[in-house]
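[1] turn this into a model:
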Amino acid sequence: MRKLISFFFILLTLSLSAKERKTVGLVLGGGGAKGAAHIGVLKVLEEAEIPIDYIAGTSIGAIVGGLYSIGYNAHDLDSLIQILDWKVLLSNTTPQSRKSLRARDIDGRYVISIPFKSNKKLDIPAGIINGQNILNLFSGLTVGYHNMSTFDSLPLPFKCVATNLAEENSVVLDQGSLPLNMRSSMSIPGVFIPVQLDSMVLVDGGVLNNFPTDVVKGFKPDILIGIDLSTGKTPYKDLMSIGGLINTLTDMTGKAMYDENLKGLDLYLNPDLKGYSAMDFNAASMDTMYNRGLAAARSHWDDILKLKKEIYGDTTDIVYETVPESAHIRKGEKLYIKDISISGVSQNTENFLRRKINLKENAYISLDDIDEAIAMFDGMAIFSTCTYKLDGKLNGPYDLIFNLKEQPLNHLNLGLRFDTEEMASLILNTTLYQNFLSGWRLSGTGKLSTNPYLNIKGEWRPNYKSSLGASYNIGYHDFLLYSGRHKRDDISFLWQSADIKYGMWLEAFLFNVGIRWEHFNKSSNLYNTDNNPVPINSESFFNYFAEIGINSYDNEYFPKKGTKGMAKAEIYTDNFYQYQDNGPQIALSLNYELPIELTKRFYAIPGVMGRVLIGDDIPAIYQNYVGGEMNGRYLPQQIAFPGVRGVQVFNNSLLMAKLDLRYEFMKNQYVFAYGYYGHDAKDLSSFDNGRNTWSLGLKYSYDSPIGPLSAQFSYSNHVKRVGFYVNLGYYF
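    Numbers count the residues shown, from 1 in each chain. Sure thing, here's the model as predicted:
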């Protein structure tokens, strides 16, 4: 009996001595890019071995909190924000190399592209950014947590906050897809398109609750720590910026709840982030804000140690607990995929897309393979969103579900350009589709400038890779013809054309063949290479053409990878088989270039161009015309040659080479040094005795959201005068 009493006494003593530590809840406020400071504070809390048991966050706080809850520590998160391309994440950008030729044509010419449905008004999106790039990033970072019955079962229980526009209230998201809920919580109104989830329309949680202490209190922790990113009232000078606007609206709409949520915190940290806004996602700013988070926490080091003692009490044998790294998938790991499905499309479309992505079921695939498939879907420019979900437990196996949403195929496109040659140009296009896989397509394009034109085109597409089409064009040419530095004449005439062609395209390759009628109205004289006038009367031509091209550039104007080229053959006649009772006249042309990486920022872009005319009576309108900074600016066959002023006539056999040296001295800002060399002769037999033309130039360019902004100086031995040219906007 005495032994039994002693045994129970020992058990009682052990149970009383095994005191558990207090639980800790963490509140992470919203603030966009300022969330880098969250990571700095977390770094110090980890150094002090402060355990975290529960997390609630809003907006960027939801992102940091969600990732932290599944095992990303402060070091992981800091490394992540250092390598992310925020320009791509906070945009609708698709890698250029994965875009269809149709999408590249839109992106390389038009500033604005608005989808619309037939017989309905234009569908203006509720935000600038569809958010799929950042959602796909979240999906890759949270594999195993795409379908949760409750976030209480995460390694660290977590909740995030969003604003439901449908009910005009704040909502707590604590189940379902972790990446989608994180994306919902950061949907800044007017910037990101809202997330539709069940019957809710969700935007940024900061609209009503930017510092959700009340939410983490629902876990009933013993200790509350809050990291607040607010910077007080926005200065007057910043109110017209998007970052200042977001700060001010958040302060106005959520002030009452914010003031209440400041109460009851055991440790309140508010890093000094004045001068920074929610949209300062550049690397330098985020690095500074991370360091200010570090500084804010270290300035409270004594308070943190005091809090640590309160958490652990007198117990010395409790080990500091962190979420194990195995709680999330590391980059490079392959996942076992059982089933693959594509939602949001018809069965025929799904079958077509499955063949294109070529991913196998019941096989191991990487996140890079999934990203490549998403890029391919997005590059087709027929889906408004392209995201994915991996259903399954953390260690798999998984079901891969692609979620696609078809956008209206019909588009209204607008392009603008300003330069020192034409001053201002505007292009407007509308395109109507029956179906993206097959069927008819109609388009109309008009350009307003000193050389206006109208193009109307109709196509029948039996499948996704080919088309049979007809088009009609009418336009007006008005340009200055030079010989060397001297003006020769002011050329102007009206022209019309119509063609029938068959085209095929496969990934980055294009092939066209067809017949074209062209009519040129009577105009002032043209000139040949001997500077003799050539009278132009009203004349019609019936021409044949074939062309093959490739464009795998990763950026149309500042490429780092890929190649771009076009080879073309044309036959000119006035009666379908000959020209002026002689044989048909022939033109062969080539244009090819590719970037070569010398260093990470320094590239060489060599290129070759040429056009050879074969025949004894080449029409003056089809001569070799050279000059200026843009191919085809005034005449379809015009070859750019910076430093050669305006439009100039070169001999029938023309071969050219160029070399661009491009250095990116700041993000999206470039300096070029370039050289062009050309050799032309009357014909190939006398090519050795031809004329040499060269030019050298320097150019500055900025890759702006509305197209390249560039300014350049050039000099050529042909003109013997320094030329200057400024351009803003895409080429068209």
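[2] each with direction, which strands does the helix or strand harbouring N455 pair with?
    Using DSSP states H and E, N455 falls within strand 453-463. Sheet pairing of strand 453-463 (DSSP bridges) gives strand 439-448 (antiparallel), strand 466-483 (antiparallel).
[3] mind listing what the closest residue to I134 other than its chain neighbours touches?
    Ranked by CB to CB, 6 or more residues apart in numbering and with sequence neighbours excluded, the top spatial neighbour of I134 is L89, at 4.8 Å. Bear in mind the C-beta positions are built from the backbone N, C-alpha and C, glycine included. Contact analysis of L89 by CB atoms under 8 Å, 6 or more residues apart in numbering lists 133-134, 137.
[4] now, which of those residues sits nearest S538?
    Closest approach between the contacts of L89 and S538, by CB to CB: N133, at 53.9 Å.
[5] for the closest one, report the pLDDT, please.
    As predicted, N133 sits at a pLDDT of 86.
[6] quick one: it from G332, how far?
    Distance, N133 to G332, using CB to CB, to the nearest Å: 21 Å.
[7] cool, L80 as well?
    Counting by CB to CB, the gap from L80 to G332 is 15 Å.
[8] check T387 too.
    T387 sits 22 Å away from G332, going by CB to CB.
[9] comparing the two, which shows the higher neighbour count?
    Higher neighbour count among T387 and G332: T387, with 26 against 8, using other CB atoms under 10 Å.
[10] contacts for stretch 386-398, please.
    With contact meaning CB under 8 Å, 6+ apart, stretch 386-398 is reached by 132, 135-136, 139, 143-147, 177, 327-329, 335-338, 370, 373-374, 377-378, 399-404.
[11] please repeat the previous calculation with a cut-off of 6 Å.
    Here stretch 386-398 makes contact (CB atoms under 6 Å, 6 or more residues apart in numbering) with 132, 135-136, 139, 143-144, 146-147, 335-338, 370, 374, 377-378, 399-404.
[12] one more: stretch 208-224?
    Counting by CB under 6 Å, 6+ apart, 22-25, 27, 29-30, 54, 56, 58, 159, 161, 163, 170, 172, 228, 250, 254, 257-258, 261, 265-266, 311 sit against stretch 208-224.
[13] quick one, which of the residues you listed are buried?
    Listed as buried from these are 22, 24-25, 27, 29-30, 54, 56, 58, 159, 161, 163, 170, 172, 228, 250, 254, 257-258, 261, 265-266, 311; burial here means 16 or more other CB atoms under 10 Å.
[14] now the end-to-end length of stretch 675-691.
    Length of stretch 675-691, first residue to last, CA to CA, to the nearest Å: 17 Å.
[15] phi, psi of G293?
    G293 adopts backbone torsions of phi -70, psi -40, taken as degrees, to the nearest 10.
[16] one more: G503?
    Dihedral angles (degrees, to the nearest 10) for G503: phi -130, psi 150.
[17] please apply the same query to F211.
    phi -150, psi 80.
[18] so in this protein, where's the weakest helix or strand by average pLDDT?
    Taking mean pLDDT, DSSP states H and E as the measure, the chain has helix 2-17 as its least confident helix or strand, at a mean of 40.
[19] specify the beta-bridge partners of F542.
    As for beta bridges, F542 partners with W517 under DSSP bridges.
[20] list the contacts of L409.
    Contacts of L409 by CB under 6 Å, 6+ apart are 433, 436.
[21] from K22, how far off is it?
    Taking CB to CB as the measure, L409 falls 59 Å from K22.
[22] G697 now?
    Distance from G697 to K22, counting by CB to CB: 70 Å.
[23] repeat for G396
    Separation of G396 from K22 (CB to CB): 36 Å.
[24] look up phi and psi at R355.
    phi -70, psi -30.
[25] who does C386 bridge with?
    Beta-bridge partners of C386, as defined by DSSP bridges: L404.
[26] residues near it, how many?
    For C386, using other CB under 10 Å, the count is 25.
[27] below-threshold pLDDT in this protein: ranges please.
    Applying pLDDT under 70 to the chain flags residues 1-19, 92-107, 118-127, 232-254, 315-318, 323-326, 331.
[28] need the helices for it, in chain order.
    For the chain, applying DSSP state H gives helices covering 2-17, 36-47, 60-68, 74-83, 86-89, 101-107, 132-141, 178-185, 213-217, 242-261, 283-298, 301-312, 347-357, 367-379.
[29] distance of the nearest residue to M566 once chain neighbours are set aside from E629?
    Once flanking residues are discounted, M566 sits nearest to G549: 4.1 Å by CB to CB, 6+ apart. Per CB to CB, G549 is found 21 Å from E629.
[30] which one's more surrounded, these two?
    More crowded of G549 and E629, by other CB under 10 Å: E629, with 22 against 18.
[31] my guess is the more buried one meets P642, correct?
    Yes: E629 is in contact with P642 according to CB atoms under 6 Å; the separation is 5.3 Å.
[32] count of neighbours near the closest residue to V171 other than its chain neighbours?
    Once flanking residues are discounted, V171 sits nearest to N164: 4.8 Å by CB to CB, 6+ apart. Residues within reach of N164, counting by other CB under 10 Å, total 21.
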